[in-house]
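>>> sequence first, then the predicted structure, then my questions.
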Amino acid sequence: MKKLWTNCHIASMKNGQYSTIENAVIITHQEKIHWIGTAQDFNLYHSTHLENIEKIDLNGAWVTPGFIDCHTHSIFGGNRSVEFEKRLEGVSYAEIAAQGGGIASTVRATREATDDELLQSASNRIKALLKDGVTTIEIKSGYGLDYENEKKMLNVAKRIGETLPVTVKKTCLAAHALPPEYKDQSDAYIEYICSEMLPKLQQDGLIDAVDAFCEYLAFSPAQVEKVFKVAQSLNIPVKIHAEQLSALGGSSLAARYHALSADHLEYLTEEDAKAMSASNTIAVLLPGAFYFLRETKFPDIQALKKHQVKIALSTDLNPGTSPVLSLRLMMNMGSTLFKLTPEQTLAAVTINAAYALGLQDTHGSLEVGKIADFIAWNIEHPSEITYWLGGDLDKKVIYQGNIRDF
Ligand code: NIG
Ligand code: FE
């Protein structure tokens, strides 16, 4: 059955722009957008086909595409509030990691947790994200670090997509940190990822993308390249955590492998930005991690803009560097910290985030034929979405053509 959504204004994000339509109408058919345009055009061309259609009055709301959180580590055991306190006393993230804390402590807790425990705790966090209008989320593995536990995490990610009203993309981040059984043998661990983990997890149908943490306290560009080569041979797109704490050129490397995205990027160089532009690799900025680590080095937004690299924003929801439960808060921080305009922050959580997941043909903007994921905000202007900090803005979320009950 078709639905007619009337009495709204639209920021469609078609071609990455606001492309506003005032006094608009949307027709959805099942889970897709069937027609979109002004009320006037609708009256001229469609008023004769009104039988058998459910009408929903949106009361003058502003409609945006559903939000896409394109970088999360939302499945994990335990949390790291004790380390947070240590960091407040002056111990650095790198020092904590060197002492066996950091990612390693979350790996211990995640390995100990059952599937159901992980599902329960991650679902609670993701429900918080859904409140902001998130309709698609990427979830990374990376706290299992062996075949069984990475599989456990990716299976939980799959179950989240089956049990909550949200579309889930699953990313394998086996190259996140060194597991204890490979202490001082990082090349051997990379070999295990390449020869066993990726091929098996791919066979299990659990990987939509492969990610790696390219950093002096994680894996070198040469090691990451080995992982990318295998991903490429398995036809899986790649992504990277790069230039977060130092400039190793991971983002340029990722661009050579046509990565969907390079994420963090505080230490990005202009050369990296050029390489990313040439390969249409999205820059995913993570203001939550920037803030929570009290980083002082700002990503070079000027270089990204100069070379027309598309920018996405995401929560990076994780227990160590970004325990962030609001994507809308990231939009505000993207503006206040990284000087993105409200228009750019909206593109950053819709169409550009869709590109970062390879979903640009079906998600991220309101266009005929795309999935009918959208948010009808009870606001005066779209810039308000970026302006308010926290709270819960009045809105309706439409997921695959139906009003989501949340
Ligand atoms: O995106 N950079 C590496 N990975 C995560 C942190 C993970 C953790 O500390 O648990 C990040 O910041
Ligand atoms: Fe991350």
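Nice, I can see it. Ligands and ions are numbered 1, 2, ... in the order given.

>>> below-threshold pLDDT in the stretch 201-350 of the chain: ranges please.
Filtered on pLDDT under 70, the stretch 201-350 of the chain yields no residues whatsoever.

>>> pick out the residue of the stretch 251-400 of the chain closest to ligand 1.
Gly320 (2.3 Å; CB to the nearest ligand atom). Heads up, the C-betas are built off the backbone N, CA and C, glycines and all.

>>> for that residue, list the residues it contacts.
Contact analysis of Gly320 by CB atoms under 8 Å, 6 or more residues apart in numbering lists 80, 83, 93, 102-103, 106.

>>> out of those, which one has the weakest pLDDT?
pLDDT across the contacts of Gly320 is lowest for Tyr93, at 90.

>>> let me know the secondary structure of the residue of the stretch 251-400 of the chain closest to ligand 1.
coil (DSSP: H, G, I helix; E, B strand; the rest coil).

>>> any idea how far it is from Val82?
Gly320 sits 11 Å away from Val82, going by CB to CB, to the nearest Å.

>>> dump the contacts of Gly320 to TSV, plus secondary structure.
What follows is the contacts of Gly320, written out as TSV (three-state DSSP):
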residue	secondary structure
Arg80	coil
Glu83	helix
Tyr93	helix
Gly102	coil
Ile103	helix
Thr106	helix
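
>>> which pair of those residues spans the longest distance?
Maximum pairwise distance in the contacts of Gly320, criterion CB to CB, is 12.9 Å, between Tyr93 and Thr106.

>>> flag every residue of the stretch 201-350 of the chain that's near ligand 1.
Taking CB under 6 Å from any ligand atom as the contact definition, the stretch 201-350 of the chain meets ligand 1 at 213, 241, 244, 289, 316, 318-322.

>>> any of those buried? List them.
213, 241, 244, 289, 316, 318-322 (16 or more other CB atoms under 10 Å).

>>> who is the spatially closest residue to Phe219 that is not a sequence neighbour paired with across the strands?
Of all residues not flanking Phe219 in the chain, Ala175 sits nearest, at 5.3 Å (CB to CB, 6 or more residues apart in numbering). Taking DSSP bridges as the rule, Ala175 bridges to Ala212.

>>> and Ala104, how far from Arg111?
Distance from Ala104 to Arg111, by CB to CB: 11 Å.

>>> quick one: contacts for the residue of the stretch 1-150 of the chain found nearest ligand 1?
Nearest residue of the stretch 1-150 of the chain to ligand 1 (CB to the nearest ligand atom) works out as Ile103 at 4.5 Å. The contact partners of Ile103, taken as CB under 8 Å, 6+ apart, are 97, 142-143, 176-177, 320.

>>> and stretch 91-101, what's buried?
93, 96-97, 101.

>>> burial measure for the residue nearest to Phe219, as a count.
The tally of other residues near Ala175 (other CB atoms under 10 Å) stands at 29.

>>> tally of neighbours for Gln232?
With other CB under 10 Å as criterion, Gln232 counts 14.

>>> and for the nearest residue to it once chain neighbours are set aside, the neighbour number?
Spatial nearest neighbour of Gln232, excluding adjacent residues (CB to CB, 6+ apart): Tyr257 at 6.2 Å. Counted by other CB under 10 Å, the residues lying close to Tyr257 total 21.

>>> over to the one 3 residues further on?
The burial metric for Leu260, expressed as a neighbour count using other CB under 10 Å, is 29.

>>> tell me the pLDDT at Ala354?
According to the prediction, Ala354 has pLDDT 98.

>>> that one contacts Ser365, doesn't it?
Yes - the criterion here is CB atoms under 8 Å, and Ala354 meets it with Ser365 at 7.5 Å.

>>> more neighbours: which of these two?
Neighbours were counted for Ala354 and for Ser365 using other CB under 10 Å; Ala354 has more, 26 against 23.

>>> name the SS class of that one, please.
Under three-state DSSP, Ala354 comes out as helix.

>>> residues near Lys339, how many?
Neighbours of Lys339 (other CB under 10 Å): 12.

>>> mind checking how far it is from Gln302?
9 Å.

>>> immediately after the longest strand along the chain, which helix or strand?
If you go by DSSP state E, the chain has its longest strand at strand 53-65. Going down the chain from strand 53-65, the next helix or strand is strand 67-69, by DSSP states H and E.

>>> run through who's touching that next one.
So strand 67-69 is contacted by 129, 132-138, 314-315, 317, 327-328, 349-350, 353-354, 356-357, 359, 363-364, 375 (CB under 8 Å, 6+ apart).

>>> buried ones only from the residues you listed, please, as a ChimeraX command.
Buried residues among the contacts of strand 67-69 (16+ other CB under 10 Å), as a ChimeraX selection:
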select :129,132,133,134,135,136,137,138,314,315,317,327,328,349,350,353,354,356,357,359,363,364,375
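
>>> so which of the contacts of strand 67-69 sit within helices?
Residues from the contacts of strand 67-69 lying in helices, with DSSP state H as the criterion: 129, 327-328, 353-354, 356.

>>> now, among those, which is nearest to Ile56?
Arg328 (23.5 Å).

>>> can you tell me which residues contact that closest one?
By CB under 8 Å, 6+ apart, the neighbours of Arg328 are 67, 132-133, 385-386, 388, 393.

>>> likewise for Asn155?
So Asn155 contacts 115, 206 (CB under 8 Å, 6+ apart).

>>> part of a helix, is it?
Yes - assessed by three-state DSSP, Asn155 belongs to a helix.

>>> any idea how far His34 is from it?
35 Å.
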